[in-house]
Structures are given as C-alpha cells and as structure tokens.
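Visitor: Okay, sequence plus prediction incoming.
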Protein chains: 2
Amino acid sequence: MVAPLTVGIAGLGTVGAETVRLIEANASQLAVRCGRGVRVVAVTARSKAKKRGLDLRGVRWAKDPLALATDPEIECFVELMGGDGEPARAAIEAALGAGKSVVTANKALIAKHGLRLAKLAERHGGALNFEAAVGAAIPIVKTLREGLAGTAVDRVYGILNGTCNYILTRMEQEGLSFAECLKDAQRLGYAEANPSFDVDGHDTAQKLSILASLAFGTEVAQRAVYVEGISSITPQDLRAAEELGYRIKLLGVAVRTKTGIEQRVHPTMVPRASSVAQVMGVTNAVTIDGAGIAPITLVGPGAGGAATASAVVADIADVARGLRALPFGRPADRLKPTKKAPMERHEGGYYIRLMARDLAGTAATIATRLAERGISLESIVQRHPDRASDHGISTRPSSPVPVILITYATSEDAMRGALQAVQRDKVISGRPQVIRIEKN
Amino acid sequence: MVAPLTVGIAGLGTVGAETVRLIEANASQLAVRCGRGVRVVAVTARSKAKKRGLDLRGVRWAKDPLALATDPEIECFVELMGGDGEPARAAIEAALGAGKSVVTANKALIAKHGLRLAKLAERHGGALNFEAAVGAAIPIVKTLREGLAGTAVDRVYGILNGTCNYILTRMEQEGLSFAECLKDAQRLGYAEANPSFDVDGHDTAQKLSILASLAFGTEVAQRAVYVEGISSITPQDLRAAEELGYRIKLLGVAVRTKTGIEQRVHPTMVPRASSVAQVMGVTNAVTIDGAGIAPITLVGPGAGGAATASAVVADIADVARGLRALPFGRPADRLKPTKKAPMERHEGGYYIRLMARDLAGTAATIATRLAERGISLESIVQRHPDRASDHGISTRPSSPVPVILITYATSEDAMRGALQAVQRDKVISGRPQVIRIEKN
C-alpha cells in the first residue's frame, strides 16, 4: 500500500471548507480509486477562529500560505484563496519550485501568470491542475487537455458567467431592465456589491483565455481578449431577439480565423435552437467545434462551493493517481504567442437597432450606406415604439421610430463605417445598438 | 526525444480508416501534445484489396488480428472490428497478456467481458481505454473515470442511441408512426436492416452497463440491465406528452436506490425543460447527478466515423503520454457484483394511456383500484379520439374513449397490480400503455 497523498490547503472559504469536507466524506472511495489515500495534513486561512463547521483536529495550521507551500510534509498544495497577486502567486511558485504538485481554482491567477507557472511546473516535475478555474465541476479543462487530443479544435465558445446569464434570463422572461435584474442578482448573492467584474465581461474573459490556450495551444493571455459587457442590453433587444428567432447571451468565443485566433467576449445573438440558447439562469455551458465532427456541449453548474470543490478534489485525485498531464496539454515552451484580435477585422452578422427620424428617408439612406460597403441585409423590421403601441397611443409621424436590421456576414470595419455615415447623415437619433450574431 | 508510440490497428471500416487518417493529419499536434509521435506501423482487415482512400505505404499488413495483437513491434493494439466474440476478444486478450495497451470502440465486448479484460490489463500493466464505446467523441468515460473521482454519483442517465432518438424526434415533430420513421431511418443509413439491436434498447443497455460500472463501481454486466424498446410508442403518446409538459426519450438510467443500483433502459417521459429533452435527432446526451451539485450534461454526436475516431485517437494519445487510468476507475477486483434490478420494486411516476369503455364508470373503477394500493393521481385527462375530433365527427357514447393518467411516485408493483385489477373489471378495452416518468 502506497502512503496517502499529503495535502495542504490554503484558504478555507466556501470552496476550501467544502474541499476538506468532500475529501473526508469520500475518503474510502478516493483510496480505492487512487490506490492510496488522500489526507489533508495542514491548512491555513486568514482567521483561525472563524466557525466553519469543520473537524480540523489532527490538521496542523501553517502560519501563512508560503510556509504551507514549502512545508516538507506536503506533496500537493491546494490554493483556494483567489486573487491574481499575493499571497497566492508567491505560494504557488514556491510549491512548484519545490517540486510539489499544485491544484488551484484561481482563474485570475492562471489567466495572468499561467504560462510562467506552467513552465515552472514542467521544470520541477509537479502537476498544475486548474479544472475548477473554469466552469467549476464541468470537466471542460480535462476535455480540452486530454479528451480532444487528437482533434483540431475550430472554435470553443460558451456561457462562462452565471451572473450575466441569470440577469439576461430574467430580463428576457420578465421584460425587466438590466438595472432591476442586477439589483435582484445582488440581493440573491449572485452578484457582488461591485458587479463590474462579472457584468462587464472580465470574469468571462479570464476563463476564455484559459480555454483558448488549451484548445489552440496559444499562450494564455487575458489582455488578448476583446471584452464588452451586458449593461447596454435593453428589454427591447431581448424582445427583438425573440421575434427574430434568437436569444441574447454573454458569450466567450475563441475561434480560428484566417488572421489567427480571435478571442472575444460580448453580448451575442445565438439561434434559439442552439445548445447554448437553452441554458438558463446561473448554469454555464461550453461548446467545442472539432474539425469534422458535430459540436460537443458541456452544461452544468459554473460556480458554488460544492461544484467547485468537486473539481478541486478530482484534480487532487489525479495527483494521487499519478495522472500527470501537462498544464496546458502541450509543453509550455511550445505554446504560441497570442495577440489581441483586431475586432475591426471580425467577420460576422450583426443585429443593429436604431431610431429613425423619418422612416422612408432613413431606410433609403441606410440601404445606400450599407450597399456602398457591400453589406447585404438579411432582414429589416420596423417596430412601433413599445409603450406607445402597448397603450394604443398613436405615434406622431415625426417622432423617431425603432428600426431593426440583421446583416449577412460582413467585416466589423465595414459595418461600423456604414453606421458612422448614417449618423453623419443625421437620419437617426441617438447611437445605434449593435449586437454580434454567432451562428452554430 | 522519446521514440514514437507504435500502433497496430485491427479493422479498417469507417472508424478504422478515419483513425488512420486522423493520426496522419494531426501528427505534429500529437507529437507536441504527447511528447512523442504516434505511428501506425501495422494494420489488418478482412479485405486488403478494398479501396479506402488511405495511403498505407510503409504500413505492414498483419496476417490476422491475433498476429497483430502479439506483434513485438506494436506497443498499442487498437481494436476496431466490433463484436462481442472472436476474433476481437482473443486478440485483445493476447495484446493485454503481452503487456501491451489496448484501445477499443467495442461496446459489446466491454459490456460482456469488460471485467475480465480490465483484470488482465491491470495484471500486465497495459491500459484498456474505451472512450469511443459510449457516446463516441462525448468525453463521458473520462468524465466518470477521472473528472468526478471525488464526487459520489447518485444517477447517470441519457440518450445513448441516435437511431431511437431520431425516430422519436420525427414521430414527435411530424406525427408519424414508429414504422414510418423506422423505414426513413433505414433509408438514411441511421438504422440497420435488422433494427432490433437499436430500437429494442440493447445498444443502449450495453452502453449503460459501462457507464454504471464507471459511476458506481459495480461490475460491468449487460444482463443486469432491464430493457424495453420504443416500438410500442405511438403518435398519441407523443402528443399527450407534449400537452402534459413532457417529451418521450429512450433513456438509459443507472441510479442508486435503497435496494441497490438500478439499471434500466426504456421509453421515458422527461420534463420538457430538462437538458435531455432538448436533444433532438441523432445527437446523444448524458446527465450526471453528483451528490450535492447541480446536474452536469454532456451533449454531442454519439456515432459516426469521425466522432468515434476522435475518441479513439484521444485514447491512443493518453497511452502515448503515459496517462494510465484504471479501466473502470477502480481496481477491477474491487468492483462490486451487480444484480439485475427488480423492476417490480422500481419507484417512480407513471404515464398510463388506456381506452375506457364508458367514461364515468371507468373513472370510478380506476380511482378505486389505484386508491386500494395507495396510488395518487397527479392528473387525469380524457382525450377525444383524435381523428374523430379533428374532423368534427361526434363520438358515440358507447365507443371507447382514450384516458390518460399521470400518477405520483409509487412502486411498479402497485401500479401493475392496479392495472390488472382494472382489466379484470372489464371497464377498459385492450392493454394499457405505460411509460415511466423520470424527473430531473
């Protein structure tokens, strides 16, 4: 019988406490599966006094994360503190530098320093596992790292932030505004007091950068991701999407294009029949388009203590069993440099909602401006101002009328140029709303 | 640089040929990912002359599968011939006995001899990988074997046969009969000339027995699976399902119950909002309920040369990298004996469609018979005979009227007993249709 794997856990918040509990509750199953036990021998956290409902008798308290990371009794260092800086970074570097394996749920740190950490892990022979960093218990990291080793990935995209999907779902189902739904999400604990990290797309961008690296063999780099959040989405947009056979989701998309790997996060029109369109509330989903095969979609809880801890313990079990994959599925020094996708060269269809000052004249002007740039329209819909028609109030001919355009695939550059020309023509009032369309 | 992994492939049908092609097309990616190349050095197939569009120069032809399996130059034997008997079985045993690793897509063989083969692999140190045997490129084997190592699985269920799902989808969407849709499926190549293996549920049962073993640590045993096919499903059932908020799918379900692990394959009413209800056509899907976490669903192509070969190559890549998990995620001699679930003790809700000779009297009789056995009704719907109502023809009071019952959870025993009593009371004509309900 091999001696148990000795584990040290830094951070005993919701995920950390649940990890300790899960290892304890599944001790015998883990021992059978791994051929050796898994034992938490030391922990550290900001407060030793805090009540966590954990039985930590027989577990040592390390004085700080760095001391735990370099503790000679520890083989596997589990970092569950979060944050892309200290003390997480120094502790992980110290553990890897000492040849230990590291398991972390820290997406921010992997998105920022993943390349350096992977090189360190490879140099010293430890594992660096981070399944929990993206989509919690959804096994997307393992699937991209190992399950599709023999298939070229053309695109990976998905709903990676439960807060945004919760807000968009409620806006769609109840016709509420972004601000109202955000307030509810905060009340229910789905959104932070400062919601920017979630609703402005940065959380999604960090996760996407990790998936892109695994899928395409590029260096993980959050700065290479184009980011746009959901705060500009209105109930009108969601209603128009429904009428046109779409739903609006905040997607992270990494796709192989003629000009390189494009990584982008933005509100997206997806066909109602697509897998990701079915995903509601806080659930996450990732779709992988592999060369020559139908899409594979993984759906599940993208956050929460138990779901995240499940992935952390699976990563620890891989360490115990000696299943040692390279952190990004390829040697870190073979990952290719990543550059930010020039969005002006993005090619795709667009949803455009604008307020026409005068319907006949505006339609002619828009048609001309689009045609000048070779852009074709799939559809054009004039919508009555909602409140006015809802209440039977007749609209004065001179008040602006909402018009919705759906373009065929074109370059973003051409589309933006056409809209600027239309604005210069002064036939519309306000700024047009633009949402990219992603076909499945 | 480590020498390339030497591979021998037995069987050059659609999957075998696609595997050769994929290894060739992704040679450099595989070498980077695995730290060594993957090289097909020998093959064997029934006909050497058959045109396959493959460049097999430099690849030796072995005289038969057994010779290939024991070829000293081969490290990894890939079995893509199929069939639960010879020559596949003897060849795999020979390869494992010689300490080689084996990759196979053969669900029938794993369902029948998986336990013995796993023991053999463990004794001699080779891998036995069979991701392609269930759900083709959907990484369900890896997810259950490794990704959920630290989570107790309560239930795993899904749509594991594309032919049946194609037939049920068309029946639902077009109101066609089972026989009509089966004919179309055969014409399109989705169903065999002898369709029994698919439509009677045996294909699903083989796959389910493999998933159950991985999820629950039971010995793989197809004979432990209760099986019922889809040939009795009518357009009326599909219409009723829609009206009641369900869809009908052929599910394989393995679930932990008070009396043990229940494994069953049968047409099932699933809530329309569930993930599996969204899966249409030949697509497959598997949902895993892990203790304490929201369900995880994996969706994708469950068959086809390219999708199956993708999983085969991923399994080969794991061998090349030295990622060696136990075949069933636990030592084979620790797997627990499996016994057939006594379906009479199954607990769940039921959809029951019957033809009442006389509505008022029948309703009273049924209510009495169910109440005698403590069964409560969630709903009771009297439906006009469809054709009659469609054409405005009034139904004579004396002709039988379709009645649909939905019960709350009860034991199968009690439900069958109540229906037999109702039949003895002679208030219904013909045999009732019964479909189990699976809640998500």
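Guide: Arrived safely.
Visitor: By mean pLDDT, flag the weakest helix or strand of chain A.
Guide: Lowest on mean pLDDT, DSSP states H and E among the helices and strands of chain A sits helix A:386-390, with a mean of 46.
Visitor: helix or strand right after that helix?
Guide: Where DSSP states H and E defines the elements, the next helix or strand beyond helix A:386-390 is strand A:401-407.
Visitor: So for that following strand, mean pLDDT?
Guide: Per-region confidence: strand A:401-407 scores 93 on mean pLDDT.
Visitor: now it, how far from the chain's geometric center?
Guide: Taking C-alpha atoms, centre = their mean, to the nearest Å, one finds the center of strand A:401-407 at 29 Å from the center of the full chain.
Visitor: now stretch A:321-332
Guide: Distance, centroid of stretch A:321-332 to centroid of chain: 22 Å (C-alpha atoms, centre = their mean).
Visitor: Next one: that stretch, is it in contact with chain B?
Guide: Yes: residues of stretch A:321-332 contacting chain B under C-beta under 8 Å from any C-beta of the partner chain: A:321, A:323-326, A:329-331. For every residue, glycine as well, the C-beta is placed using N, CA and C.
Visitor: What residues of that stretch count as buried?
Guide: A:321-332 (16 or more other C-beta atoms under 10 Å in any protein chain shown).
Visitor: from these, which ones fall inside helices?
Guide: Mapping the buried residues of stretch A:321-332 onto helices (DSSP state H) picks out A:Arg321.
Visitor: Give me the subset of the buried residues of stretch A:321-332 that lies in strands.
Guide: Nothing among the buried residues of stretch A:321-332 maps onto strands, per DSSP state E.
Visitor: okay, now the domains of chain A?
Guide: A:5-137+A:306-334, A:142-301, A:343-437 (automatic domain parsing).
Visitor: Near the nearest residue to A:Asp200 once chain neighbours are set aside, how many other residues are there?
Guide: Once flanking residues are discounted, A:Asp200 sits nearest to A:Gly229: 3.7 Å by C-beta to C-beta, 6 or more residues apart in numbering or on different chains. Counted with other C-beta atoms under 10 Å in any protein chain shown, the neighbours of A:Gly229 add up to 22.
Visitor: ok, A:Gly229 touching A:Asp203?
Guide: No: applying C-beta atoms under 8 Å, one finds A:Gly229 not in contact with A:Asp203, separated by 10.1 Å.
Visitor: give the contact list for the closest residue to chain B within the stretch 1-150 of chain A.
Guide: Residue of the stretch 1-150 of chain A nearest chain B, by C-beta to the nearest C-beta: A:Gly150 (2.7 Å). A:Gly150 makes contact with B:22-23, B:26, B:30, B:309-310, B:312-314, B:316-317 under the criterion C-beta atoms under 8 Å, 6 or more residues apart in numbering or on different chains.
Visitor: And for A:Leu168, the neighbour number?
Guide: 25.
Visitor: sorry, back to before: also near chain A: which of the contacts of A:Gly150, exactly?
Guide: Checking the contacts of A:Gly150 against chain A (C-beta under 8 Å from any C-beta), the matches are B:22-23, B:26, B:30, B:309-310, B:312-314, B:316-317.
Visitor: and the residues you listed, which of them are in strands?
Guide: Per DSSP E, those never map to strands.
Visitor: quick one: which of those residues is most hemmed in?
Guide: For those, neighbours tallied by other C-beta under 10 Å; top is B:Ser310, 34 neighbours.
Visitor: Let me know the pLDDT of that one.
Guide: For B:Ser310, the predicted pLDDT is 97.
Visitor: if I read this right, it contacts B:Ile138, doesn't it?
Guide: No: using C-beta under 8 Å as the test, B:Ser310 is too far from B:Ile138 to be in contact (10.0 Å).
Visitor: how near is A:Gly53 to A:Ser274?
Guide: Note on A:Gly53: its distance to A:Ser274, by C-beta to C-beta, to the nearest Å, is 42 Å.
Visitor: Looking at the two, which has the bigger crowd around it?
Guide: A:Ser274 (18 against 6).
Visitor: dump the residue contacts of that one.
Guide: A:Asn440.
Visitor: how about it, phi and psi?
Guide: Phi and psi for A:Ser274, reported as degrees, to the nearest 10, are phi -70, psi 160.
Visitor: Roughly how far does it sit from chain B?
Guide: 10 Å (C-beta to the nearest C-beta, to the nearest Å).
Visitor: Check A:Gly290 too.
Guide: 6 Å.
Visitor: How about the contacts made by that residue?
Guide: A:148, A:151-154, A:296, B:137, B:310 are the contacts of A:Gly290 under C-beta under 8 Å, 6+ apart.
Visitor: export those residues to TSV and tack on distance to B:Leu211?
Guide: TSV is the format used below for those (distance: C-beta to C-beta, whole Å):
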residue	distance to B:Leu211
A:Leu148	20
A:Thr151	22
A:Ala152	28
A:Val153	25
A:Asp154	28
A:Ile296	17
B:Ala137	16
B:Ser310	19
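Visitor: out of the contacts of A:Gly150, which are inside helices?
Guide: B:22-23, B:30, B:309-310, B:312-314, B:316-317.
Visitor: between these, which is nearest A:Gly417?
Guide: Within those, distances to A:Gly417 taken as C-beta to C-beta reach their minimum at B:Ser310, with 41.3 Å.
Visitor: A:Phe421 looks like it's in a helix, true?
Guide: Actually, residue A:421 is Ala rather than Phe. Yes: A:Ala421: assigned to a helix according to DSSP: H, G, I helix; E, B strand; the rest coil.
Visitor: In this structure it contacts A:Arg369, no?
Guide: Yes: using C-beta under 8 Å, A:Ala421 is in contact with A:Arg369, at 4.4 Å.
Visitor: neighbour-wise, which of those two wins?
Guide: Each of A:Ala421 and A:Arg369 has its neighbours counted (other C-beta under 10 Å); A:Arg369 has more, 20 against 16.
Visitor: Which secondary structure state is assigned to that one?
Guide: Strictly by three-state DSSP, A:Arg369 counts as helix.
Visitor: Check the gap between it and A:Arg357 for me.
Guide: 15 Å.
Visitor: Enumerate the residues of the stretch 51-200 of chain A near chain B.
Guide: A:131, A:137-139, A:142-143, A:146-152.
Visitor: switch to 6 Å and redo it
Guide: A:137-139, A:142-143, A:147, A:149-151 (C-beta under 6 Å from any C-beta of the partner chain).
Visitor: Compare these and tell me which is most surrounded.
Guide: Highest count within those by other C-beta under 10 Å belongs to A:Ala137, 33 neighbours.
Visitor: which residues does that one contact?
Guide: A:300, A:307, A:310-311, B:293 (C-beta atoms under 6 Å, 6 or more residues apart in numbering or on different chains).
Visitor: List just the nearest of those residues to B:Gly217.
Guide: Once C-beta to C-beta is applied, the member of those that ends up nearest B:Gly217 is A:Ser310, at 17.2 Å.
Visitor: didn't that closest one look like it was pressed against B:Thr151?
Guide: Yes: under the criterion of C-beta atoms under 6 Å, A:Ser310 makes contact with B:Thr151 at 4.4 Å.
Visitor: Write out the residues of the stretch 301-440 of chain A neighbouring chain B.
Guide: Counting by C-beta under 6 Å from any C-beta, the stretch 301-440 of chain A sits next to chain B at A:301, A:306-307, A:310, A:313-314, A:317, A:323, A:329-330, A:334.
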